[in-house]
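Visitor: Provide a 3D model corresponding to the input given below.
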Amino acid sequence: MAKVAQIVAPTIHVYAVSADEADNRILECAVAGDADLVVSGDQHLRRLKSFEGIGIVRPVDFERTLRT
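Guide: Just a heads-up that it's a prediction; the model follows:
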């Protein structure tokens, strides 16, 4: 069974999204948790396409990959 969640306490601060400061918390958690992917409908995050090697995709695109 794949590990799908992990509680993390970020130790870095990210300033990649200036239009919505709260989105940076998502990126901090993704980096701290060594995430492979961020699945989000948030347009500010999706505009990045990736951050620190972590892909950022829409939920519909993620769902498509699960069906293949």
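
Visitor: for Val31, the count of nearby residues, please.
Guide: 18 (other CB atoms under 10 Å). C-beta coordinates here come from the backbone N, C-alpha and C atoms, glycine included.

Visitor: element containing it?
Guide: Assigned by DSSP states H and E, Val31 falls within helix 21-32.

Visitor: residues contacting Gly55?
Guide: Counting by CB atoms under 8 Å, 6 or more residues apart in numbering, Gly55 touches 36-38, 49.

Visitor: and the end-to-end length of stretch 36-49?
Guide: Across stretch 36-49, the terminal residues are separated by 13 Å (CA to CA, to the nearest Å).

Visitor: which parts of that stretch are buried?
Guide: Along stretch 36-49, these residues count as buried under the neighbour rule (16 or more other CB atoms under 10 Å): 38, 40, 44-45, 48.

Visitor: who does the helix or strand following the helix holding Val31 pair up with?
Guide: Per DSSP H and E, helix 21-32 leads on to strand 37-39 as the next helix or strand towards the C-terminus. If you go by DSSP bridges, strand 37-39 pairs up with strand 54-57 (parallel).

Visitor: just give me the neighbour total for Asp23.
Guide: Look at Asp23: counted by other CB under 10 Å, it has 20 neighbours.

Visitor: ok, it to Leu45 distance?
Guide: According to CB to CB, to the nearest Å, Asp23 and Leu45 sit 5 Å apart.

Visitor: then His13?
Guide: Applying CB to CB, one obtains 17 Å for the distance of His13 from Leu45.

Visitor: next: Arg58.
Guide: Following CB to CB, the distance that separates Arg58 from Leu45 is 10 Å.

Visitor: one step back: out of the buried residues of stretch 36-49, which one sits closest to Glu63?
Guide: Comparing the buried residues of stretch 36-49 against Glu63 with CB to CB picks out Ser40 as the nearest, at 13.1 Å.

Visitor: low-scoring stretches of the protein, by residue?
Guide: Along the chain, the model assigns pLDDT under 70 to residues 1-3.

Visitor: hmm, back to that, closest to Phe62 out of the contacts of Gly55?
Guide: Leu37 (7.2 Å).
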